[in-house]
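K.L.:
Give me a 3D structure for the following:
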Amino acid sequence: MPSAAKIRPRRSVLYAPASNARAVEKARSLPCDVVILDLEDAVGPDAKDEARAAAVRAIGDGGFGDRELVVRVNGLDTEWGSADLAAIAHAGPAAVLAPKIRSAADVAAYAAAGAPLWLMIETCAGVLALDALGRASAQHGVTAWVLGVNDLAAEMGARAGRTALAPVLTLAVIAARANGLAILDAVFNDIADPGGLASECSQGRDLGFDGKTVIHPTQIAAANAAFSPDEAEIIWARTVVKAFDSPENAGKGVLKVDGRMVERLHRDAALRVVALSEAISAKDG
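P.N.:
Okay, the predicted model is just below:
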């Protein structure tokens, strides 16, 4: 898990087709934490070159404020991938998002471009290689993983939706945390079902994800709400930190705080809640 000192909000991560100028411009003013300009799934074959050029222009033009700007490139096994990676790495977004990662060798191939890197976990081979991908990610400076359950479910032939993928979600979070990575939950496809979105956001947070990828501006608020510590969490976190930092408790590994037994590891978690809440307050004003 990223340390409290390095934490930044990634509650809502909006995909925007790089070829859609209106969507890219709107993303500059939306209350999301991250914008992913997409060159892959959201862009048809005939528009790939145009989308790449548009993404480079968008990076150069800026205007995204404190939102992280990430670009998802096409895979290196496609006819567009190498050109995408070279152009986007040179343009300098916050990160390049590499799709359909299957092995540690894939991680090394994308990392060779020298750009900060995020990875999509969305293939059966990638799931079976989570431990190796985690180690490769740490080696090559990857900072975040993004779950892609649409591609994974299609490859599996799964018909039970998210239920069938529950073990994958848990294992992905474990592998990410074991290697100090942020991890973002997959998209919710039904834009017209806000209740379903809210439920899935809540589940994702309970599983340990840092935020959720979204496909429409109307989904941003639900993700922001679910992945922001609420007032009670923040108060409790500050109470735990204060208790362990009191001089009389120096060196103690276990304390009783407001009638509850807490260990020093809970102080670390509490520091993260405090840091996240402060980062969100600074971002949201």
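
K.L.:
Going by C-alpha atoms from here, please, whenever you check contacts or count neighbours.
P.N.:
Will do.

K.L.:
Give me the phi and psi for the residue positioned nearest the centre of the chain.
P.N.:
For the chain, the residue nearest the mean C-alpha position is Leu184 (3.2 Å; C-alpha atoms, centre = their mean). Backbone torsions of Leu184, given as degrees, to the nearest 10, read phi -120, psi 140.

K.L.:
mind listing the strands in this protein by residue range?
P.N.:
Applying DSSP state E to the chain gives strands spanning 12-17, 34-38, 68-72, 95-98, 117-121, 144-147, 182-185, 211-214, 254-257, 260-263.

K.L.:
who does the fourth one pair up with?
P.N.:
Okay, so that is strand 95-98. Taking DSSP bridges as the criterion, strand 95-98 sits next to strand 68-72 (parallel), strand 117-121 (parallel) in its sheet.

K.L.:
Specify the angle between the first one and strand 12-17 in degrees.
P.N.:
When you say that, I think you mean strand 68-72. Per axes from the mean of the first three to the mean of the last three C-alpha atoms, to 10 degrees, the angle that strand 68-72 makes with strand 12-17 is 50 degrees.

K.L.:
now the angle from strand 68-72 to strand 34-38?
P.N.:
Using the same axes, to 10 degrees: strand 68-72 against strand 34-38 is 20 degrees.

K.L.:
picking that back up, residues in contact with the residue nearest to the centre of the chain?
P.N.:
Arg10, Ala144, Trp145, Val146, Leu147, Phe209, Asp210, Gly211, Lys212, Thr213 (C-alpha atoms under 8 Å, 6 or more residues apart in numbering).

K.L.:
Please look at the third one and Ile183 and confirm they touch.
P.N.:
Yes: if you go by C-alpha atoms under 8 Å, Trp145 and Ile183 touch, sitting 4.7 Å apart.

K.L.:
Give me the more crowded residue out of these two.
P.N.:
Looking at Trp145 and Ile183 with other C-alpha atoms under 10 Å, you find the greater number of neighbours at Ile183, namely 29 against 24.

K.L.:
so that one sits right up against Gly134, yeah?
P.N.:
No: in this structure, Ile183 is not within contact of Gly134 by C-alpha under 8 Å, at 11.3 Å.

K.L.:
Report the set of residues contacting both of those two.
P.N.:
Common contacts of Ile183 and Gly134 (C-alpha under 8 Å, 6+ apart): Ala176.

K.L.:
so what's Arg28 closest to, chain neighbours aside?
P.N.:
Nearest in space to Arg28, with sequence neighbours left out and distances taken as C-alpha to C-alpha, 6 or more residues apart in numbering, is Phe64 at 4.6 Å.

K.L.:
Which pLDDT value goes with Ala4?
P.N.:
Listed pLDDT for Ala4 reads 65.

K.L.:
quick one: low-confidence parts of the protein?
P.N.:
1-5 (pLDDT under 70).

K.L.:
re earlier: just put the strands of the chain in CSV and tack on distance to Ala89.
P.N.:
What follows is the strands of the chain, written out as CSV (distance: least, C-alpha to C-alpha, whole Å):
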stretch, distance to Ala89
strand 12-17, 18
strand 34-38, 13
strand 68-72, 9
strand 95-98, 7
strand 117-121, 10
strand 144-147, 17
strand 182-185, 21
strand 211-214, 22
strand 254-257, 47
strand 260-263, 43
